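# Kindly return the folded structure for what I paste below:
(2 chains)
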There are 2 protein chains.
Amino acid sequence: MTQSARSQGPVRIVGAGLLGTSIGLALSKLGVEVTLEDASPANLKLAIDYGAGAKASTSDQPSIIVVCVPPDVTASVVARELAAYPYAVVTDVASVKAQVLGELTAANADLSRYVGSHPMAGRERGGAMSGRADLFVGRPWVISAGEATAAKSVSVVEDLALDLGSAPLKVSAAEHDRAVALVSHVPQLVSSLLAARLVAAEGDDVSLAGQGLRDTTRIAASDPKLWIQILTANAAEVASVLKDFEADLHSVIQSLEQIDQPGSLATVSRALEAGNRGVERIPGKHGTKQAAYAQVVVMIADKPGELGRLFNEVGEIGVNIEELKLEHSPSAPVGLVELYVLPAVEAKLISDLESRGWKIAG
Amino acid sequence: MTQSARSQGPVRIVGAGLLGTSIGLALSKLGVEVTLEDASPANLKLAIDYGAGAKASTSDQPSIIVVCVPPDVTASVVARELAAYPYAVVTDVASVKAQVLGELTAANADLSRYVGSHPMAGRERGGAMSGRADLFVGRPWVISAGEATAAKSVSVVEDLALDLGSAPLKVSAAEHDRAVALVSHVPQLVSSLLAARLVAAEGDDVSLAGQGLRDTTRIAASDPKLWIQILTANAAEVASVLKDFEADLHSVIQSLEQIDQPGSLATVSRALEAGNRGVERIPGKHGTKQAAYAQVVVMIADKPGELGRLFNEVGEIGVNIEELKLEHSPSAPVGLVELYVLPAVEAKLISDLESRGWKIAG
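The predicted structure follows:
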């Protein structure tokens, strides 16, 4: 890490969960001084042990404060920090932005030093123990400045986002909340409602589940206590998107119930085709990254040492693996290793591996 | 592969798309004689070139015929094959079973030799070029025998499923169609309707998309022409599940629209919690496999040879990797390798790796 930090520090992080710990880990690696505070002493100790920063003390003079507490207490903690540290810029990472800003405005907080943030990153597992320094790399970091926010405060938070490897994205609180209703909150509820249908499933019906069901319901395993806070804070925007969804759903149901009537097939087809068009609008993971890699699938025998032998030889060939996946079937004598490499080296990798006796799949 | 086949062959495959080609590849590898037919000469040639079998000829005397054509022509092709090959057992792979059986009954086909199949396997990409011999390994293979089906016919198709590495699952056509409405057809429509909301998204809203949106809408990219056939053939079952979904959705929308009213929070919470319980009912990928593995995350430097060094040492330690995943951030100097191993060897792997200088992540 020869990179130097844009952020001056010290950075004070309030709340050492997944996001707070990850921010602390990344900044500490860059040599920025980080202090941590958490309502739970055990949680705080864990984050400090992981290297996310030092324990906060009353003599700290932070230049930036990042509030990483649950959404329902975010505004009050931000207000408290603004008052306690009159020279610091304060930001938060709550998933809904207009409500926090509204509460701070109502509380007469010093809004010139407040900038709302929402890093578009997370993991299914929460807590300090899931923190990772690279959590934000390549992800959008929403920066919502209010009318009262000083330009200097915005650039402090932009520098923070850049230090964490994120792409800062300036969006107003209202625009942000409208966007996340569509791309995050509605998918969460739809996934939950879909998975809820399985609760009363008869007999072995669920044993026929395939990857489609697993993908569409993965986020239905999310924490209800966190999500009820998020959905409450953005209820109007979420309801608005869901009503359009409901209208489409209703015509599809009507068409299925009278599938032989004129127009029914067309209605269902239109829904499927609109789904195709909608998916096309989603940008690839990390921008255009996935599309940019070529996939090479290698068959390997399912025994210790085979992966080592493969990757050793890939190293000898001199090709860097950007991503990889092992597909392994319990009863099969072979596994399939999916290697993702830059397209420029794909042909070389395939021919070199084949000449070394590896079997490349379809 | 020293395994010998249960199926006697010759096996005749009608329709050399993804499923037909994959069945042909797997059986050919086992030494079973396979002949192929396809309405498209180009498609047929591709499947033959891939090694899925030989071109069908009028002198073939197949013992099993597998019909892998689109759902809307499945029944007529099965009827034709039953008539043309009076000694062969005929099965099909259509995603909806009751309609095919109904049409064959109406056509007075010889149902003693017909067994419905539905292998629960697929890929996003279709066509012969996506075929793989291991497509069915570890996946359920639904076998729907009718009242008129001879026991011998059923065991012929069971042997076929076992040869392909699948787990045969005997389910009536009606039970099958009810189950796939819930675990496959409704998730498809819900995903399409959700993705359809993105079509009219304003400005850069979609640029805030995260993994949740990608997962929930992945199958919305599926082929509408195929899905309209599937949904049409199972319309009543699909509509029935969707109506329950719609009722839940409606109460959630009402609660969000008056989130401050008594009971509103409880309604939304219940939906989220029911989603949790629904997800828990889904068996892990390949049975209970995923849950059975312990995860060990190793940090590695992002340069050629590092993966080789790691897996070489894992081989020396003598531990078998069941699944693995590489998480790699474009600009980060390190990558995280997630190793999945049997819980019994987790502690040994961690301590041996650490003593060799590898960094294990939280």
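# What mean pLDDT does stretch A:297-311 get?
Average pLDDT, stretch A:297-311: 78.
# in it, what's buried?
A:297, A:298, A:299, A:300, A:302, A:305, A:306, A:307, A:308, A:309, A:310, A:311 (16 or more other C-beta atoms under 10 Å in any protein chain shown). The way it works is simple: take the backbone N, C-alpha and C, and place the C-beta from them, glycine included.
# wait, isn't the last one in contact with residue B:308?
The reference is to residue A:311. Yes. Counting by C-beta atoms under 8 Å, residue A:311 touches residue B:308, with 3.6 Å between them.
# right, and the helix or strand after the longest helix that chain A contains?
Using DSSP state H, we find that the single longest helix of chain A is helix A:235-257. Remark: after helix A:235-257, the chain's next helix or strand is helix A:264-280, criterion DSSP states H and E.
# is that next one up against chain B anywhere?
Yes. Counting by C-beta under 8 Å from any C-beta of the partner chain, chain B is contacted by helix A:264-280 at A:265, A:268-269, A:271-280.
# What of stretch A:244-256?
Yes. For stretch A:244-256, a contact with chain B is found by C-beta under 8 Å from any C-beta, at A:244, A:245, A:246, A:248, A:249, A:250, A:252, A:253, A:256.
# tell me which residues of that stretch are tucked away?
Buried, per 16+ other C-beta under 10 Å, within stretch A:244-256: A:245, A:246, A:248, A:249, A:251, A:252, A:253, A:255, A:256.
# Just the residues contacting it, thanks.
A:186, A:190, A:261, A:263-265, A:267-268, A:271, A:274, B:189, B:193-194, B:196-197, B:231, B:235-236, B:238-239, B:242-243, B:245-246, B:249-250, B:253 (C-beta atoms under 8 Å, 6 or more residues apart in numbering or on different chains).
# Name the residues of stretch A:166-183 that come out as buried.
So for stretch A:166-183, counting by 16+ other C-beta under 10 Å, buried means A:166-169, A:171-173, A:175-183.
# cool, stretch A:113-122 as well?
A:113, A:114, A:115, A:116, A:117, A:118, A:119, A:120, A:121, A:122.
# Need the pLDDT of the residue nearest to residue A:237 when sequence neighbours are not counted.
Closest residue in space to residue A:237, ignoring its immediate chain neighbours: residue A:181 at 3.6 Å, by C-beta to C-beta, 6 or more residues apart in numbering or on different chains. The model reports residue A:181 with a pLDDT of 97.
# how about residue A:181, what does it touch?
Residue A:181 sits in contact with A:234, A:237, A:238, A:240, A:241, where contact means C-beta under 8 Å, 6+ apart.
# separation between it and residue A:233?
Remark: distance between residue A:181 and residue A:233 (C-beta to C-beta, to the nearest Å) = 11 Å.
# quick one on the thing from earlier: with respect to chain B, which of the buried residues of stretch A:244-256 is nearest?
The closest of the buried residues of stretch A:244-256 to chain B turns out to be residue A:256 (C-beta to the nearest C-beta; 3.9 Å).
# check whether the helix or strand hosting residue A:190 contacts chain B.
Using DSSP H and E, residue A:190 sits within helix A:186-196. Yes. Interface with chain B: helix A:186-196 contributes A:186, A:187, A:188, A:189, A:190, A:191, A:192, A:193, A:194, A:195, A:196 (C-beta under 8 Å from any C-beta).
# re the thing from before, output the buried residues of stretch A:297-311 as CSV; include the columns secondary structure and distance to chain B.
Converted to CSV, these look like this (DSSP: H, G, I helix; E, B strand; the rest coil; distance: C-beta to the nearest C-beta, whole Å):
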residue, secondary structure, distance to chain B
A:297, strand, 9
A:298, strand, 13
A:299, strand, 9
A:300, strand, 10
A:302, coil, 7
A:305, coil, 3
A:306, helix, 8
A:307, helix, 4
A:308, helix, 4
A:309, helix, 7
A:310, helix, 7
A:311, helix, 4
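# hmm, back to that, now, which of the contacts of residue A:181 sits nearest residue B:336?
residue A:234 (31.9 Å; C-beta to C-beta).
# Does the nearest residue to the closest one once chain neighbours are set aside belong to a helix, a strand or coil?
Leaving aside its sequence neighbours, residue A:234 sits nearest to residue A:96 (C-beta to C-beta, 6+ apart; 4.6 Å). At residue A:96, secondary structure determined by DSSP: H, G, I helix; E, B strand; the rest coil is coil.
# residues in contact with residue A:96?
So, once contact is read as C-beta under 8 Å, 6+ apart, residue A:96 ends up touching A:71, A:177, A:180, A:230, A:233, A:234.
# mind listing what the first one touches?
Okay, so that is residue A:71. By C-beta under 8 Å, 6+ apart, the contact list for residue A:71 reads A:94, A:95, A:96, A:100, A:226, A:229, A:230, A:233.
# how near is the residue nearest to residue A:237 to residue B:191?
Here residue A:181 is placed at a distance of 18 Å from residue B:191 (C-beta to C-beta).
# per-residue pLDDT, residue A:331?
41.
# same thing with residue A:359?
83.
# For the residue nearest to it when sequence neighbours are not counted, list each beta-bridge partner.
Leaving aside its sequence neighbours, residue A:359 sits nearest to residue A:299 (C-beta to C-beta, 6+ apart; 4.3 Å). The partner list for residue A:299 in beta bridges (DSSP bridges) reads residue A:336, residue A:359.
# So residue A:299 sits against residue A:361, correct?
Yes. With contact defined as C-beta under 8 Å, residue A:299 counts as touching residue A:361 (5.4 Å).
# related to what we said a few turns ago, what's the residue nearest to residue A:237 sitting at in phi/psi?
Here is the backbone geometry of residue A:181 (degrees, to the nearest 10): phi -60, psi -50.
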